[in-house]
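*Asks:* Need the 3D shape of this:
(one chain, ligands or ions: 2)
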Amino acid sequence: MPSQASTPRKEAAPVVLKVSGLRKSFGEREALRGVEFEVHRGELLAVVGPNGAGKTTMLGILAGIRPPDAGRVETPSGEVGWVPQQAALYRRLTVGENLRLFARLEKVEAPDAAVERMLEQTGLAERRDDQVAELSGGNQQRINIAIGLLADPAVLLLDEPSAGLDPGQRIRLWEFVAGLAKRGTTVIYSTHQIEEATHYGDRLLVLADGESLFDGSFEAMRQAAGASGEVTDPEADFVRFLEKQGH
Ligand SMILES: Nc1ncnc2c1ncn2[C@@H]1O[C@H](COP(=O)(O)OP(=O)(O)O)[C@@H](O)[C@H]1O
Ligand SMILES: [Mg+2]
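*Replies:* Ligands and ions are numbered 1, 2, ... in the order given. Purely as a prediction, here's the structure:
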């Protein structure tokens, strides 16, 4: 008889994305040199690594917007939604107009219904007639995410979603993202801030110099770095981990 934990383990949920042997070069520069991992339904995976580690390159490949040189991306549950770091919103158009435009561009079935669902989910229904330019950075980021969610994807990819947000906006963003994961959307996001990755993620995937160096909990990463005791400086633990791995 199972003796533990009433909360369902996400690792027991079905795999919704599986990556193996991913490689990508830009000329001489090897941006990805063998990336492997899988994620399960409803997981919140933080891809963490220094600038230039290959995070954006990897997410772009997972999103299907550029092909890898080698390797496989399997998405048995279908759709993957993509939220780039730079939102491509039309600032002079309203929130509702932007969502409708992207719904049409992405050939979403029943675009009007999808737009209503997005306005509801993002809590922006009351701002539907406001110009995007008038919204705060946090609310603009919500629209950016709403566009990624238009096709109701099983997996949502967010590239440094909190960059440029103030602390209050960040907290609201992460509450929103956690709510998505709770409802069963798998979320993969990148960040170069280890603190953020430890707070808002079930699991870390550490990417450095194009390689996936580690996949697991923050605690397990600290142990691999030889750190013990209370966590006082996650950033320092992370740097120690990278150094120990030769990065
Ligand atoms: N379109 C591109 N052309 C040439 N080099 C690129 C291109 N995109 C990324 N790179 C290089 O690939 C490496 C990984 O970049 P990137 O994926 O943007 O890293 P990150 O998102 O982790 O900061 C970097 O060295 C970067 O300069
Ligand atoms: Mg990047």
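
*Asks:* how many other residues sit next to the nearest residue to Lys55 once chain neighbours are set aside?
*Replies:* Residue nearest to Lys55 in three dimensions, not counting chain neighbours: Ser190, with 3.9 Å by CB to CB, 6 or more residues apart in numbering. Every C-beta, even on glycine, is put in place using the N, C-alpha and C of the backbone. When counting by other CB atoms under 10 Å, one arrives at 25 neighbours for Ser190.

*Asks:* now the residue nearest to the spatial centre of the chain, what's its secondary structure?
*Replies:* What sits nearest the mean C-alpha location of the chain, by CA atoms, centre = their mean, is Tyr189, with 1.9 Å. Following DSSP: H, G, I helix; E, B strand; the rest coil, we place Tyr189 in the strand state.

*Asks:* Surely it is in contact with Val155?
*Replies:* No. When contacts are counted by CB atoms under 8 Å, Tyr189 is not listed as touching Val155 (11.2 Å).

*Asks:* if we can go back for a sec, could you tell me what pLDDT the model assigned to the residue nearest to Lys55?
*Replies:* pLDDT recorded at Ser190 is 97.

*Asks:* how much space between it and Gln85?
*Replies:* Using CB to CB, to the nearest Å, Ser190 is found at 9 Å from Gln85.

*Asks:* got it, and Lys18?
*Replies:* Distance of Lys18 to Gln85, computed by CB to CB: 24 Å.

*Asks:* what does this protein put close to ligand 1?
*Replies:* Contact residues, the chain versus ligand 1 (CB under 6 Å from any ligand atom): 26, 29, 31, 49, 51-57.

*Asks:* at 5 Å instead, please
*Replies:* Those residues of the chain that sit near ligand 1, judged by CB under 5 Å from any ligand atom, are 26, 31, 51-57.

*Asks:* Which of the residues you listed sits closest to ligand 2?
*Replies:* Ligand 2 has its nearest neighbour among the residues of the chain next to ligand 1 in Thr56, at 3.2 Å by CB to the ion.

*Asks:* and that closest one, that's in a strand?
*Replies:* No. Counting by three-state DSSP, Thr56 falls outside a strand, being helix.
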